[in-house]
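Chemist: need a 3D model of the following:
(one chain, ligands or ions: 3)
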Amino acid sequence: MSYDIKKILEKEEFSREDLIRLLSADEKERKLIYAKAAETKAEHVGKKVYYRGLIEFSNICGKNCYYCGIRRDNRNIRRYNLGDREILKAVEFAYNNRYASVVLQSGEIENKGFTDRIESLLKEIKRISNNELGITLSLGEQTGDVYQRWFDAGAHRYLLRIESSSPELYAKIHPDDNSHNFNRRLECLRTLKNIGYQTGTGIMVGLPYQTPEDIAGDILFMTDFEIDMVGLGPYIEHRDTPMFKPGNLLMPPAERFHLALKTIALLRIIMKDINIAAATALQAIDPMGREKALMVGANVIMPNITPGKYRDSYKLYENKPCTDEEAEDCSSCLEARIHMAGDEIGYGEWGDSKHFFRRNQK
Ligand code: 5AD
Ligand code: SF4
Ligand code: FES
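Modeler: Ligands and ions are numbered 1, 2, ... in the order given. As a prediction, this is how the structure comes out:
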């Protein structure tokens with residue numbers, strides 16, 4: 001019955017029950033959600049897709065998240081840490097190709113040496129790009145002092161996925177110890193926002209034990225928190241992790257994929273002017289995954305600009321695309337893909353979250 005889906009989509013605000021109903025939309029019904037999301041995107045953010053050149057500069061991680069392929073206890077990978085020269089070369093690629101922003105991402109490390117290194121890299125990135133490159137960090141949980149130092153050194157966006165806003169589900173997918181604490185994650189998000197970062201979060205969709213109620217809760221969490229940016233994708237099992245259990249309670253990949261797309265579409269409909277990334281994990285399930293996300297509301301893409309030889313070692317999940325490619329390959333490939341989705345690329349533009357400016361004018 002698509003009748004009730006249509007009725008719900010006409011509302012100004014969705015209740016928790018509405019969201020649960022929308023998230024369980026079937027193949028025919030979900031088209032209505034996607035159409036509404038496309039309409040909202042056209043009206044509020046337009047056709048431009050903004051690039052954030054992603055540098056996965058190290059897969060060394062101090063944490064042990066049960067789902068992640070680069071978790072500390074996985075001995076089955078080669079650990080790497082790019083030198084500053086290699087990182088700055090990737091930065092130059094982004095700058096010369098008018099990507100306008102870069103993202104520095106790595107496993108989670110908290111110590112003084114790491115803090116200092118990032119601080120000086122940030123200053124160097126600003127220097128070599130005449131202050132023109134925007135910088136997003138995705139370096140996990142840190143103290144307020146560290147976040148502040150990095151902000152002062154030139155970072156202005158930060159991505160920290162909440163993974164799940166349900167403390168119970170969060171506890172199921174992380175070890176039960178001090179370094180995997182739901183409340184700290186929440187606190188970090190608050191601190192980032194207070195410092196003045198454009199703050200991004202996200203979840204994994206299709207996790208074992210996760211219900212539509214959980215995802216509805218995640219959407220409400222992101223709305224209440226007034227998040228500026230979202231990056232979310234399907235959960236994809238990795239064989240070298242504790243969560244990999246053949247024949248377990250996982251929904252089929254195609255279902256996880258559409259559940260992720262529905263979540264993106266709903267966030268666009270509800271939050272209208274935030275930035276939403278078309279996550280690479282979508283493409284691990286569907287070859288056209290990122291383009292499909294653009295068509296239902298996403299407006300940011302993070303082309304991988306990590307030097308090719310390291311890419312295979314930054315596998316958070318299996319089937320990760322673009323691991324045999326170099327930055328140049330992804331650049332021309334993505335351009336064609338984005339045009340196919342009917343969008344254009346905002347070369348040379350930061351494309352900041354409009355939501356961020358609106359919430360700071362209040
Ligand atoms: N499947 C999908 N996403 C994953 N991430 C980590 N492991 C997986 C996985 N197996 C995501 C987490 C993390 C981000 C960097 O990658 O959401 O925040
Ligand atoms: Fe480390 Fe992040 Fe993977 Fe957790 S999800 S193990 S913090 S890289
Ligand atoms: Fe990397 Fe297509 S985007 S090869």
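Chemist: below-threshold pLDDT in the stretch 101-250 of the chain: ranges please.
Modeler: In the predicted model of the stretch 101-250 of the chain, residues 247-248 satisfy pLDDT under 70.
Chemist: just give the nearest non-adjacent residue to the residue in it that ligand 1 sits nearest to, would you?
Modeler: With CB to the nearest ligand atom, the shortest gap between the stretch 101-250 of the chain and ligand 1 falls at Arg161, namely 3.7 Å. For the C-beta atoms, the positions are set from N, CA and C on the backbone; glycine is no exception. Nearest residue to Arg161, sequence neighbours excluded (CB to CB, 6 or more residues apart in numbering): Gly202, at 4.3 Å.
Chemist: cool, Gly346 as well?
Modeler: That would be Lys48: by CB to CB, 6+ apart, it lies 4.1 Å from Gly346.
Chemist: again with Arg268
Modeler: Among residues not flanking Arg268 along the chain, Gly297 sits closest, at 2.9 Å (CB to CB, 6+ apart).
Chemist: from what I can see the one you found touches Met271, true?
Modeler: No. Gly297 lies out of contact with Met271 (CB atoms under 8 Å); the separation is 9.5 Å.
Chemist: picking up where we left off before, separation between the residue nearest to Gly346 and Arg184?
Modeler: Distance, Lys48 to Arg184, using CB to CB, to the nearest Å: 36 Å.
Chemist: list the contacts for Leu22?
Modeler: Residues near Leu22 by CB atoms under 8 Å, 6 or more residues apart in numbering: 5, 8-9, 14, 33, 262, 266.
Chemist: how about Pro175?
Modeler: Neighbouring residues of Pro175 by CB under 8 Å, 6+ apart: 64-66.
Chemist: hmm, back to that, Phe225 is in contact with the residue nearest to Arg161, correct?
Modeler: No. Counting by CB under 8 Å, Phe225 is not a contact partner of Gly202; they are 11.9 Å apart.
Chemist: higher neighbour count, the two?
Modeler: Taking neighbours as other CB atoms under 10 Å, Gly202 and Phe225 compare with Gly202 leading, 24 against 16.
Chemist: ok, back up a step: count the residues that sit near the residue nearest to Arg268.
Modeler: The tally of other residues near Gly297 (other CB under 10 Å) stands at 30.
Chemist: show me the contacts of Pro175 that map onto strands.
Modeler: Nothing among the contacts of Pro175 maps onto strands, per DSSP state E.
Chemist: which one's more surrounded, Lys48 and Arg184?
Modeler: When Lys48 and Arg184 are compared for neighbours, Lys48 comes out ahead with 15 against 12, by other CB under 10 Å.
Chemist: picking up where we left off before, among the contacts of Leu22, which one is most surrounded by other residues?
Modeler: The contacts of Leu22, ranked by neighbours (other CB under 10 Å): first place Leu266, 26 neighbours.
Chemist: can you tell me the element it falls in?
Modeler: Assigned by DSSP states H and E, Leu266 belongs to helix 253-271.
Chemist: buried ones in that helix?
Modeler: The neighbour-count check on helix 253-271 (16 or more other CB atoms under 10 Å) flags 253, 256-271 as buried.
Chemist: tell me the pLDDT of the residue nearest to Arg268.
Modeler: Gly297 carries a pLDDT score of 98 in this model.
Chemist: distance check, it against ligand 2.
Modeler: Distance, Gly297 to ligand 2, by CB to the nearest ligand atom, to the nearest Å: 24 Å.
Chemist: helix, strand, or coil at Tyr50?
Modeler: strand (DSSP: H, G, I helix; E, B strand; the rest coil).
Chemist: tell me the residues on the stretch 51-200 of the chain that lie near ligand 2, please.
Modeler: Residues of the stretch 51-200 of the chain lying close to ligand 2 (CB under 6 Å from any ligand atom) are 61, 63, 65, 68, 70-71, 107-108, 140.
Chemist: picking up where we left off before, tabulate the contacts of Pro175 in TSV, adding columns for pLDDT and neighbour count.
Modeler: Listed next are the contacts of Pro175 as TSV, based on pLDDT from 0 to 100; neighbours: other CB atoms under 10 Å:
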residue	pLDDT	neighbour count
Asn64	98	17
Cys65	98	20
Tyr66	97	16
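Chemist: from those, which is closest to ligand 1?
Modeler: Distance to ligand 1, by CB to the nearest ligand atom, is smallest for Cys65 among those, at 6.6 Å.
Chemist: give me the phi and psi for the closest one.
Modeler: phi -50, psi 130 (degrees, to the nearest 10).
Chemist: that one contacts His174, correct?
Modeler: Yes. Counting by CB under 8 Å, His174 is a contact partner of Cys65 at 5.6 Å.
Chemist: can you show me the strands along the stretch 201-350 of the chain?
Modeler: Using DSSP state E, counting those that start in this stretch, the strands found in the stretch 201-350 of the chain span residues 204-205, 229-234, 275-278, 300-301, 344-345.
Chemist: list the contacts of the most centrally placed residue in the chain.
Modeler: Nearest residue to the geometric centre of the chain (CA atoms, centre = their mean): Gly231, 2.6 Å. Going by CB under 8 Å, 6+ apart, Gly231 touches 159, 161, 200-202, 276-277, 279, 302.
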